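> Just need the structure, nothing else, for what follows:
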Amino acid sequence: MRGAGWTAQAAILVTLLATAPAAGAQAGPSHGSEVPPASVLAQIEALAPQRPGVVDLYAVIVGGDGTEDVFRKEVAEVRGVLEERFDAKGRTITLVNHRSAPEPEATLNALAYVLKRVGAAMNREEDVLFLHITTHGASNHVLSFKHPQLELQGLTPKYLRALLDQVEVRYRVVVVSACYAGGFVAPLAGVDTMVITAASSTRQSYGCGNESDITEFSRAFYLKALRQTRSFQSAARAATKIIHEDERSSGRKHSYPQMQLGIGIEAPLRKLEQRLAGN
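Presented below is the predicted three-dimensional model:
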């Protein structure tokens, strides 16, 4: 007789199938290999263990579109800030698509695999899962995963929510740096979740291209605001102000970055901030 565990797994599978973007026939976009490339597996094997009684930050940083250099560069910048400012060294995994790589790292299957393994390394009721995704976003709220070797399926808000729910990590911070990223706020929001996006659901953001080292919102959030505070909430507000002023002075249409903070995640984020205050 099948028990409750089987029922839960079956429900998750049904949810993933229902929320997955239609891939069409075999010739359609791929979800990627079920097992990530060796470059990702090596990072997983090197994950540091969770520390009982300590709120650890475990980070997954995704650069989805491999056709432009900015997303690969941004992943490196974000990783540096999280490791330096949030004690995330040894607890960070990157998934980067780039045209120079022999195969894609950032795919739907790779993201699911990594989130599952990171969740297994964490204390799911104590630690914080930090997910940063940088890529091109579309007005239909699909995030671009691109690599020259394989046509890849993009990431939708509902599919990402299903992946995160499958991991069963209680506390989550999700940052999406992409055009129209605000479409991810409502689907991902929850009492124990913080969602930060570079733009509203109807606006574009700025700073992509091969010449850029980081997108404009991420520059404001990570390289400016988080250099002054270890509060993600305060940094998001400061970054929004920076972006608004920059866009006004340059005459660009406002992107309107978004933040949604669940009341349940405030306490663990405060504990993390307090622990790191002396560093």
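
> where does H132 land in three-state SS?
Three-state assignment for H132 (DSSP: H, G, I helix; E, B strand; the rest coil): strand.

> which residues does A76 contact?
Residues near A76 by CB atoms under 8 Å, 6 or more residues apart in numbering: T94. (Each C-beta comes from the backbone N, C-alpha and C, glycine too.)

> nope, V35 is what I meant
L41, Y113.

> Name the nearest residue to L188, ignoring sequence neighbours.
V195 (4.9 Å; CB to CB, 6 or more residues apart in numbering).

> That neighbour contacts V185, doesn't it?
Yes - between V195 and V185 there is a contact under CB atoms under 8 Å: 5.0 Å.

> Find residues that contact each of those two.
Q258, Q260.

> burial count for the residue nearest to G154 when sequence neighbours are not counted?
Closest residue to G154 apart from its sequence neighbours, by CB to CB, 6+ apart: V142 at 4.0 Å. Using other CB atoms under 10 Å, V142 has 19 neighbouring residues.

> how far does the strand or helix carrying R79 sit from the chain's center?
R79 belongs to helix 69-85 when assigned by DSSP states H and E. With CA atoms, centre = their mean, to the nearest Å as the basis, helix 69-85 stands 12 Å off its chain's centre.

> Which elements pack onto the following helix or strand past it?
Moving toward the C-terminus from helix 69-85, the next helix or strand (DSSP H and E) is strand 92-96. Under the contact criterion of 3 or more CB pairs under 8 Å, 6 or more residues apart in numbering; DSSP states H and E, strand 92-96 touches helix 38-45, strand 57-63, helix 69-85, helix 108-121.

> Please identify the buried residues of stretch 101-121?
Buried residues in stretch 101-121, defined by neighbour count with 16 or more other CB atoms under 10 Å: 101, 103-115, 117-119, 121.
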